[in-house]
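In: Quick one: sequence plus predicted model below, questions after.
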Amino acid sequence: MSHITVERNRRRQMNEHLKVLRSLTPSFYIKRGDQASIIGGAIEFIKEMQLVLQSLEAKKKRKSLSPSPTPSPRSLFQFNPSPPNSNSPLESDSSQTVKELGACCNSPIADVEAKFSGSNVILRTLSKRIPGQVVKIVSALERLDFEILHLNISSMEDTVLYSFVIKIGLECQLSLEDLAVEVQQCFCQDMIY
């Protein structure tokens with residue numbers, strides 16, 4: 001009898017925790033209402049927020065060190081959504097290879113990061129909210145003959161994070177660094193005119 005009561009209390013507590021988790025996670029991260037979808041959506045949301053935090057910290061550090069008005073493309077060796085002190089099994093030599101397959105192009109206007117994910121590219125931009133900016137980025141990607149598979153938009157106050165999953169064609173001759181520079185130019189166009 002006590003085993004049944006303990007199990008009933010465990011399930012009730014689990015359901016309460018899932019309700020709280022669902023209420024704290026934006027609805028577009030949760031596809032369905034089942035437990036696996038709620039937990040999976042919360043994980044994706046936390047990963048996105050970690051990336052936003054890392055980008056904001058990097059931007060703050062850059063602004064305090066050097067307020068350079070020109071974009072500066074560079075290889076992205078620290079691109080890793082998991083925290084640096086995590087004991088993740090992915091922190092190995094193969095993880096270093098994944099980290100090196102990325103590029104970024106940052107400026108005071110926007111941070112642009114691109115990395116390979118299988119046969120696709122994940123492209124992220126972090127900037128202040130600029131009306132019509134996502135349309136400019138989509139137009140630039142289409143002009144470069146990329147196919148956008150997925151677009152996720154996250155915003156907090158006046159900052160917005162655009163996350164694209166882009167399909168690369170076999171005929172694509174553009175490097176990740178070139179792609180990051182092209183997208184960065186979408187942000188810089190308004191400043192030129």
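Out: Right, received. Where do you want to start? Numbering: from 1, shown residues only.

In: per-residue confidence for the residue nearest to residue 165 when sequence neighbours are not counted?
Out: Nearest-residue entry for residue 165: residue 150, 4.0 Å, with adjacent residues in sequence omitted and distances by Cβ to Cβ, 6 or more residues apart in numbering. Using the backbone N, CA and C atoms, a C-beta is placed for each residue, glycine as well. Residue 150 carries a pLDDT score of 89 in this model.

In: got it, and residue 65?
Out: According to the per-residue confidence, residue 65 scores 66 in pLDDT.

In: ok, residue 22 touching residue 37?
Out: No. Contact criterion Cβ atoms under 8 Å: residue 22 and residue 37 do not qualify, at 9.3 Å.

In: Name the residue in the two with the higher neighbour count.
Out: Neighbour comparison, residue 22 and residue 37: the larger count goes to residue 22, with 18 against 14 (by other Cβ atoms under 10 Å).

In: That one is in what secondary structure piece?
Out: Residue 22 belongs to helix 2-24 when assigned by DSSP states H and E.

In: Now do that helix: distance to the chain's middle.
Out: Centroid separation for helix 2-24 versus its chain: 32 Å, with Cα atoms, centre = their mean, to the nearest Å.

In: again, but for stretch 105-122
Out: What separates the centre of stretch 105-122 from the centre of its chain is 9 Å, taken as Cα atoms, centre = their mean.

In: ok, back up a step: give me the common contacts of residue 22 and residue 37.
Out: For the pair residue 22 and residue 37, residues contacting each of them under the criterion Cβ atoms under 8 Å, 6 or more residues apart in numbering are residue 30.

In: which other residues reach whichever strand or helix holds the residue nearest to residue 165?
Out: Here residue 150, judged by DSSP H and E, is contained in strand 147-156. Contacts to strand 147-156, defined as Cβ under 8 Å, 6+ apart, come from residues 26, 28, 48, 52, 120, 129, 134, 138, 141-142, 160-167, 169.

In: sorry, back to before: not counting the helix holding residue 22 itself, show me its contacts.
Out: When contacts are taken as Cβ under 8 Å, 6+ apart, the neighbours of helix 2-24 outside the stretch itself are 30, 33, 35, 38-39, 42.

In: coming back round to it: strands paired with the helix or strand following the strand holding residue 150, and their directions?
Out: Proceeding N to C from strand 147-156, the next assigned helix or strand is strand 159-167, under DSSP H and E. When pairs are called by DSSP bridges, strand 159-167 turns out to pair with strand 120-128 (antiparallel), strand 147-156 (antiparallel).

In: Any idea which of those strands gets closest to residue 181?
Out: Between residue 181 and the strands paired with strand 159-167, the shortest separation by Cβ to Cβ is 12.1 Å, and it involves strand 120-128.
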